[in-house]
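Novice: Give me a 3D structure for the following:
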Amino acid sequence: MRKFSTWPGITALAAAVVLGGSTTALALGPTVDQKVDGVIVVAGNTCNWTNARTSAVPPAALTVDRSTINAPGGNLACGGGITATLNNNPAFTFDDASGVARTDAIDISGKQSFVSCRFKATNIVWNRDGSTRKYVNQAFTATKVSGSFLCPGSVTTAAGDASMLFH
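Specialist: This next block holds a predicted model:
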């Protein structure tokens, strides 16, 4: 049985998730397709998705459509036997002057083996990577909403463990 130290990464996945999902950085500019890629490393295992739909283009406030992240409409995939599902459509606001983005809440369920846990984090702050639309998370703590008694009461996701690339 795996240790459940993997749960902090699952929580951040939504921010996932959210979450450098691409090897190329996009400059701030007019060429955009209203999508976001995300990636997170969870206890040495990578979880990612590509081309999730957004409701607008940064720096306008937007939401990320969870149905384009979660299967069957999305391509969220994790290594190491972890499965995850985003339970909300995270809302992002952007402050280009200070180079940050903020997410209202991320509500995510994760399952590993027979253990399921659900966590929620609020008011997540992301730092913009230079002049790109890639954002990297600041540390945050998610609280257990439901799940097995084996799930911790809360988990902390370290700064830089998740990133999102809007394009």
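Novice: can you confirm Ala159 is in a helix?
Specialist: No - using DSSP: H, G, I helix; E, B strand; the rest coil, the assignment for Ala159 is coil, not a helix.
Novice: how much space between Cys151 and Gly110?
Specialist: From Cys151 across to Gly110, the span is 9 Å (C-beta to C-beta, to the nearest Å). Heads up, the C-betas are built off the backbone N, CA and C, glycines and all.
Novice: Which one's more surrounded, those two?
Specialist: Neighbours were counted for Cys151 and for Gly110 using other C-beta atoms under 10 Å; Gly110 has more, 27 against 19.
Novice: Partner strands of the helix or strand containing that one, with direction?
Specialist: If you go by DSSP states H and E, Gly110 is part of strand 100-112. Strand pairing for strand 100-112, determined by DSSP bridges: strand 82-86 (antiparallel), strand 91-95 (antiparallel), strand 115-128 (antiparallel).
Novice: Can you tell me which of those strands is nearest to Val57?
Specialist: For those, the distance to Val57 is smallest for strand 91-95, at 9.9 Å, taking C-beta to C-beta.
Novice: List the buried residues of the closest one.
Specialist: For strand 91-95, the neighbour count (16 or more other C-beta atoms under 10 Å) marks Phe92, Phe94 as buried.
Novice: what about this structure, any weak spots by pLDDT?
Specialist: Within the chain, the segments meeting pLDDT under 70 span 1-31, 41-45.
Novice: can you map out the helices along it?
Specialist: 7-13 (DSSP state H).
Novice: Rebuild the strands paired with strand 100-112 as a markdown table, extending it with distance to Gln138.
Specialist: Listed next are those as a markdown table, based on distance: least, C-beta to C-beta, whole Å:
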| stretch | distance to Gln138 |
| --- | --- |
| strand 82-86 | 20 |
| strand 91-95 | 13 |
| strand 115-128 | 4 |
